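Undergrad: just coords:
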């Protein structure tokens, strides 16, 4: 694949979540490096920085790539080998982080009979597949991409009973569940969680109904920023009527404030990494 | 049309709002009466009661039909004439109620530059068409029926600028608007407003963002009940994946508590008709 095609594989993928994309960014970096000359480490580093900036909302991509660059070290090996080894080490590190976050969330949800989630997060999917007995799950369809359909099919194939709802039904269903579990694309410096649009409404409904609202996310999603740029995608996805005066909007992500989050379930203690003013406990 | 076809015209219409359906129930009653013998008033009264029970969530239908039955009086005319005159009088009364509610809402929104609404209510549509200069409107698509598309097209044709959003984007858009305006299918005895599912989430977002949340609805939507039965429609509307373990849910209405409502804009002072404990002012 060309440099541009490799970059586009990360930049233009609006379906996969942050963890999956960030890991694929490592594979993309490795593939790029293997196509470069033996001594072209600088070019791979430049490409990694370019990749890291490709999706500002998905700071996990930058988080994982920065970790990888820090692993390049001073080794005597050629550039291709050094990138390949750093990628492998970072992949192992990120897998361990996900495993720790998923384990913490699975333990927290052990006594929940019905769990509600929004959109599709690979960490949440892993938790829901691990619950025994199989979870009863309420899943949003997640318009316009319908990522919730993918989640529902995958966990139902593992024995989960899934009720699929429109986003509009969130307020009606939240009081009937024992816990809410969502993933995150980023955790901001103030503790706010950036995730698929609709998450904020879900957190408000959970707060009103006193249902715990958990976020399962790895430490590589921590960001130093207090705000991320809005990501708006193709309005055509909404299939709005083509009429003068009607404009479809298609924002993908939003921030949910820390005050609405019952607990962060992660490989680290998230509260140690966010601003003091945002902590409620 | 047969008795069953006339009944079905109201019972099976899941697109039109309460006001439109209630008025059409009057037309249906008139049509039924005109097909009955001269002296068959009892049969028309029985049919009116049947119609009134056809859609428990839509208490406006019962509200309007009960008003009509009270107009039948003791007149010397034949049954057909008496029903026809009562229907005409009730239609005029309901139009006056709508006009008063719409006028009150239009006055309240005069200084709002951007108004957000959910789904499609005929009263809200009338208000948005009456605002001068033409309103800037944020409208939800309202899955799965997409009534928001109809609203957007109709008000855009009158000069409004409409941003059409998925329900998931409500939390993101509410802080950018000056007011929220929704209709109602019913106002319960405790002041809660029954309306298209998603309204409760909208009210929660409005409350958090301190954006006023107005309900425009006529007095014939007042109900003595504190709760209405859930109306669930064809799950096929969600086009969920056909897979064992995956079940689509399709509830249409929900109640939004009085505490989240900034004002009822109606032909009567709604606070005079709801339980004291529910009043906050």
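TA: Arrived safely, thanks for sending. Bear in mind the structure is a predicted one, so any value in this text is a computation, not a measurement. Numbers count the residues shown, from 1 in each chain, chains lettered A, B, ... in the order given.
Undergrad: doesn't residue A:225 lie inside a strand?
TA: No: secondary structure of residue A:225 (DSSP: H, G, I helix; E, B strand; the rest coil): coil, not part of a strand.
Undergrad: doesn't residue A:190 make contact with it?
TA: No: between residue A:225 and residue A:190 there is no contact under Cβ atoms under 8 Å: 9.2 Å. C-beta here means a position set from N, CA and C on the backbone, and glycine is covered the same way.
Undergrad: and the helices in the stretch 151-281 of chain A?
TA: Using DSSP state H, counting those that start in this stretch, the helices of the stretch 151-281 of chain A run over A:170-173, A:199-209.
Undergrad: and for the first one, what are the contacting residues?
TA: The contact list for helix A:170-173 (Cβ atoms under 8 Å, 6 or more residues apart in numbering or on different chains) reads A:116, A:118, A:138, A:140, A:163, A:165, A:198, A:201-202, A:205, B:197-198, B:200-201, B:204, B:249, B:251, B:254.
Undergrad: save the helices of the stretch 151-281 of chain A as JSON lines, and put in distance to residue B:95 and mean pLDDT too.
TA: Formatted as JSON lines, the helices of the stretch 151-281 of chain A follow (distance: least, Cβ to Cβ, whole Å; pLDDT from 0 to 100):
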{"stretch": "helix A:170-173", "distance to residue B:95": "33", "mean pLDDT": "98"}
{"stretch": "helix A:199-209", "distance to residue B:95": "36", "mean pLDDT": "98"}
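Undergrad: in CSV, list those helices along with distance to residue B:268 and mean neighbour count.
TA: CSV is the format used below for these (distance: least, Cβ to Cβ, whole Å; neighbours: other Cβ atoms under 10 Å in any protein chain shown):
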stretch, distance to residue B:268, mean neighbour count
helix A:170-173, 28, 24
helix A:199-209, 29, 24
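Undergrad: which of those sits closest to residue A:216?
TA: Closest to residue A:216 of these, according to Cβ to Cβ: helix A:199-209, at 12.6 Å.
Undergrad: is chain B within reach of the closest one?
TA: Yes: looking at helix A:199-209 against chain B by Cβ under 8 Å from any Cβ of the partner chain, the contacts come from A:200-201, A:204-205, A:208.
Undergrad: what is the most widely separated pair among those residues?
TA: Among those, A:200 and A:208 lie farthest apart (Cβ to Cβ), at 12.9 Å.
Undergrad: now stretch A:236-243: mean pLDDT?
TA: In this model, stretch A:236-243 has an average pLDDT of 96.
Undergrad: and the residue nearest to residue A:275 when sequence neighbours are not counted, how many residues sit next to it?
TA: In space, residue A:275 comes closest to residue A:190 once its chain neighbours are excluded; the distance is 5.3 Å by Cβ to Cβ, 6 or more residues apart in numbering or on different chains. Residue A:190 has 15 neighbours, counted by other Cβ atoms under 10 Å in any protein chain shown.
Undergrad: again with residue A:158
TA: Residue A:158 has 14 neighbours, counted by other Cβ under 10 Å.
Undergrad: apart from its neighbours in sequence, what residue is nearest residue A:211?
TA: Distances taken as Cβ to Cβ, 6+ apart place residue A:174 nearest to residue A:211, at 5.6 Å, with adjacent residues excluded.
Undergrad: let me fix that, I meant to ask about residue A:186.
TA: Once flanking residues are discounted, residue A:186 sits nearest to residue A:194: 4.0 Å by Cβ to Cβ, 6+ apart.
Undergrad: so which bits of stretch A:131-143 are buried?
TA: Within stretch A:131-143, the residues that count as buried by 16 or more other Cβ atoms under 10 Å in any protein chain shown are A:131, A:134-143.
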